[in-house]
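J.: pasting the structure only:
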């Protein structure tokens, strides 16, 4: 059975390695000076991951490949299973969702510093939510997330940087905010992306290649992460990772990680704000992350909304004020300019429960089975698999 552990708080990005340390550690292995993140956007010395020196590196990010999910479904993944003994289990951050984790991955900063604080967040001064995945009608992504990325730093040091993913990622708001730097190569299938990575990594003597794959997350959302379809997708992914690893140059490392995990949330365990007047009262906006909704409330209503949600949800959720969530380190150290983006009330669902709002959520979102965003081990923990180069040139 899946583990849906319920930590009451998430340790902020700090001395223990986390998703924020993956790209900075790869950069250092390539000889690029890069320290550990601090809240203000500057960086201080830290060990991070002790990756050995390399001339070239490929970093694969698998959307939705939680560490604990991988361990449970490892029978579908012989290549990944063979490396579990050396795989590190780290925290992705909160909320455990793609937009936030991509910011953490790309900048080496905690969510509170880079400011990509959820699937949907308030645009301060505009009383509307920004979907940080679609970025529809969004602000300038370079102003919304002004800190430099690891890719930009690596490129400035003379390393060829290539990012590989679906064509619609190129120039998108989230990509520009979180992953800018280097050049982009579009490829559709996983096989085509692996081929593109192999071509790119051989094209320059010092190279960093990033490959993104999102189908595992999509299958988990639609069919559930406990489904046979998820296992089938993991098998296909594992085969391509094995092919990639077997064909890399001898002076190239390979790192595989993920942005978050997932839990299956049966529809009978979900509450709908549209049918729960006590949850709707005093709330202007409910973000659409059903496992970690952020509530933006009417003026002066924060205490009442927090109390109402806490009483109504009981032990199904952790309900915190913005101040409490920030003090507990859920978002890491939060810069003052990013505070207004966080909900007045922040909810982290426990077990398999979820809260949705059918008044505004699209039907296809309401139909999803696999969800993520909260603090459970299944959602927060991600793997870091590192295969060092056979030869350092």
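T.: Happy to help now that I have it. Just so we're clear, the structure is a prediction, and the values are computed from it rather than from any experiment.
J.: and the gap between the spatially most central residue of the chain and residue 48?
T.: What sits nearest the mean C-alpha location of the chain, by Cα atoms, centre = their mean, is residue 101, with 2.5 Å. Here residue 101 is placed at a distance of 17 Å from residue 48 (Cβ to Cβ, to the nearest Å). For the C-beta atoms, the positions are set from N, CA and C on the backbone; glycine is no exception.
J.: got it, and residue 385?
T.: Distance from residue 385 to residue 48, by Cβ to Cβ: 16 Å.
J.: can you check residue 202 too?
T.: Taking Cβ to Cβ, one finds residue 202 at 27 Å from residue 48.
J.: read off the pLDDT value for residue 43.
T.: The model reports residue 43 with a pLDDT of 44.
J.: one more: residue 391?
T.: On pLDDT, residue 391 comes in at 82.
J.: ok, now residue 16?
T.: At residue 16, the pLDDT value in this model is 80.
J.: residue contacts, it?
T.: The contact partners of residue 16, by Cβ atoms under 8 Å, 6 or more residues apart in numbering, come to 90-91.
J.: ok so it is a helix residue?
T.: No. Applying DSSP: H, G, I helix; E, B strand; the rest coil, one finds residue 16 to be coil, outside a helix.
J.: tell me which of residue 202 and residue 48 has more neighbours.
T.: Neighbours per residue, other Cβ atoms under 10 Å: of residue 202 and residue 48, the larger number sits with residue 48, 24 against 15.
J.: hang on, isn't that one packed against residue 26?
T.: No. Using Cβ atoms under 8 Å, residue 48 is not in contact with residue 26; the gap is 9.4 Å.
J.: domain assignment for this protein?
T.: The chain is divided into the following domains under automatic domain parsing: 19-264+377-387, 267-370.
J.: after the helix or strand bottoming out on mean pLDDT in the chain, next one along is what?
T.: In the chain, no helix or strand scores lower on mean pLDDT, DSSP states H and E than strand 43-44, which sits at a mean of 42. Scanning forward in sequence from strand 43-44 by DSSP states H and E, the next helix or strand is strand 56-62.
J.: now for that following strand, which elements pack on it?
T.: Contacts defined by 3 or more Cβ pairs under 8 Å, 6 or more residues apart in numbering; DSSP states H and E place strand 56-62 against helix 22-29, helix 190-201, strand 207-213, helix 228-247, strand 252-258.
J.: partner strands of it and their direction?
T.: Within its sheet, strand 56-62 is paired with strand 207-213 (parallel), strand 252-258 (parallel), according to DSSP bridges.
J.: in a strand, residue 130, correct?
T.: Yes. Checked against three-state DSSP, residue 130 lies within a strand.
J.: just to check, it is in contact with residue 141?
T.: No. Using Cβ under 8 Å, residue 130 is not in contact with residue 141, being 10.4 Å away.
J.: neighbour-wise, which of those two wins?
T.: Neighbours were counted for residue 130 and for residue 141 using other Cβ under 10 Å; residue 130 has more, 24 against 20.
J.: quick check: that one vs residue 103, distance?
T.: 13 Å.
J.: could you report the pLDDT at the nearest residue to residue 335 once chain neighbours are set aside?
T.: Leaving aside its sequence neighbours, residue 335 sits nearest to residue 113 (Cβ to Cβ, 6 or more residues apart in numbering; 5.7 Å). Per-residue confidence (pLDDT) for residue 113: 97.
J.: same thing with residue 10?
T.: Reported pLDDT for residue 10: 39.
J.: pretty sure residue 129 contacts residue 121?
T.: Yes. Using Cβ under 8 Å, residue 129 is in contact with residue 121, at 6.7 Å.
J.: give me the more crowded residue out of those two.
T.: It is residue 121, of residue 129 and residue 121, that has more neighbours when counted by other Cβ under 10 Å, with 27 against 20.
J.: partner strands of the one helix or strand that one maps to and their direction?
T.: Using DSSP H and E, residue 121 sits within strand 120-123. Applying DSSP bridges to the sheet, strand 120-123 is found paired with strand 128-131 (antiparallel).
J.: can you list contacts of the partner strand?
T.: By Cβ under 8 Å, 6+ apart, the residues outside strand 128-131 that reach it are 119-123, 137-139, 285, 287-288, 296.
J.: what sits against residue 78?
T.: 238, 242.
J.: and it, how far from residue 271?
T.: Counting by Cβ to Cβ - residue 78 and residue 271 are separated by 40 Å.
J.: so where's the stretch 1-150 of the chain uncertain?
T.: Where the stretch 1-150 of the chain drops to pLDDT under 70, the residues are 1-15, 35-47.
J.: rewinding a little: my guess is the residue nearest to residue 335 meets residue 338, correct?
T.: Yes. Counting by Cβ under 8 Å, residue 113 touches residue 338, with 7.5 Å between them.
J.: neighbour count winner among the two?
T.: The neighbour count for residue 113 versus residue 338, taken as other Cβ under 10 Å, is higher for residue 113 (27 against 22).
J.: helix or strand: which one has that one?
T.: Going by DSSP H and E, residue 113 is part of helix 111-114.
J.: tell me what that helix is packed against?
T.: Short answer (3+ Cβ pairs under 8 Å, 6+ apart): helix 111-114 packs on helix 98-107.
J.: relative to strand 252-258, how tilted is the helix it packs on?
T.: When axes from the mean of the first three to the mean of the last three Cα atoms, to 10 degrees is applied, the directions of helix 98-107 and strand 252-258 differ by 150 degrees.
J.: and the two most separated of the contacts of strand 128-131?
T.: By the measure Cβ to Cβ, 139 and 288 form the most distant pair in the contacts of strand 128-131, at 18.8 Å.
J.: more neighbours: those two, which one.
T.: Comparing residue 139 with residue 288 by other Cβ under 10 Å, the one with more neighbours is residue 288, at 20 against 14.
J.: contacting residues around that one?
T.: By Cβ under 8 Å, 6+ apart, the residues touching residue 288 are 119-120, 129, 131, 356-357, 360-361, 365.
J.: let's see 6 Å
T.: Applying Cβ atoms under 6 Å, 6 or more residues apart in numbering, we find residue 288 in contact with 120, 361.
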